[in-house]
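Enquirer: Could you look at this predicted model? Sequence included:
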Amino acid sequence: MKIVVIGGTGLIGSKLVEKLKADGHEAVPAAPNTGVNTLTGEGLAEVLRDAPVVVDVSNSPSFADDAAMEFFRVSTDNLLKAEAVAGATHHVALSVVGTERLQESGYFRAKQVQEDLIRESGMPYSIVHATQFFEFVKGIADLATEGDTVRLSSAGIQPVHSDDVAAAVGRTAVGPPVDGVVEVAGPEVFRLDELIRDTLAAQNDSRTVVTDPGAPYSGAPLEENTLLPGPGAHLAETRYTDWLARQS
């Protein structure tokens, strides 16, 4: 089966393309560096030809509110319209656990618009909600840093390895559309402040983590379960502590 992967040269996309090819599918990576641009529509018609499944794992190059909204709104609209013309029968998109609970964040408002466009398009679809990737934990710390202090909530977080996310997206892509959301998360629940504190210590990072219940996450306040998946989530096997130990 031909499966086009939008964002197919990025972190998740490259892993997904490799996995799908290993399973015998014709996986085609599509990104600006392969001549496909969802913002302008360049190359979409050609790459989508004869592809029943389209997977969108692309991300906005900017996390600024207006730029993220423009990216997800325009690129998703262009992609869905091109898929309809090409005759695609399954649209798969990667999004984030808790998106609907993080609407005070401009980035997550943009992700919500992406999801709403998909739901309203009439295209059979599946949305994969993943928790935060292991690879992004240090970035969470950096965004919460002022001077040598990292100010974070103690809300729950259940990070997942990017390999496991790619596997979940791959399983979803080759299955029937669910016309809803599939959740994937790691096997361990942490407190956000403790996770960052332990990670920085393991990396000999001298920054001090301060617990602040009011500290925002990507501009939005956190409740205890904001970042956590529901009871029906698929729990991956890779443990964060094992992965972190391999990074040093």
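Expert: Received it, and whenever you're ready, just let me know what you need. Residues are numbered from 1 along each chain as shown.

Enquirer: where are the low-confidence patches of this structure?
Expert: Within the chain, the segments meeting pLDDT under 70 span 248.

Enquirer: swap the cut-off to 90 and go again
Expert: Residue ranges of the chain with pLDDT under 90: 63, 247-248.

Enquirer: And the strands in it?
Expert: Applying DSSP state E to the chain gives strands spanning 2-6, 26-30, 53-56, 90-96, 125-130, 145-146, 149-152, 156-157, 181-185, 190-191, 208-211, 234-235.

Enquirer: I'd like the ones you listed as JSON lines, with distance to residue 242 and mean neighbour count appended.
Expert: C-beta coordinates here come from the backbone N, C-alpha and C atoms, glycine included. Shown next, in JSON lines, are the strands of the chain (distance: least, C-beta to C-beta, whole Å; neighbours: other C-beta atoms under 10 Å):
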{"stretch": "strand 2-6", "distance to residue 242": "28", "mean neighbour count": "25"}
{"stretch": "strand 26-30", "distance to residue 242": "28", "mean neighbour count": "21"}
{"stretch": "strand 53-56", "distance to residue 242": "28", "mean neighbour count": "28"}
{"stretch": "strand 90-96", "distance to residue 242": "23", "mean neighbour count": "24"}
{"stretch": "strand 125-130", "distance to residue 242": "19", "mean neighbour count": "24"}
{"stretch": "strand 145-146", "distance to residue 242": "26", "mean neighbour count": "13"}
{"stretch": "strand 149-152", "distance to residue 242": "23", "mean neighbour count": "20"}
{"stretch": "strand 156-157", "distance to residue 242": "17", "mean neighbour count": "24"}
{"stretch": "strand 181-185", "distance to residue 242": "16", "mean neighbour count": "22"}
{"stretch": "strand 190-191", "distance to residue 242": "14", "mean neighbour count": "19"}
{"stretch": "strand 208-211", "distance to residue 242": "22", "mean neighbour count": "16"}
{"stretch": "strand 234-235", "distance to residue 242": "15", "mean neighbour count": "16"}
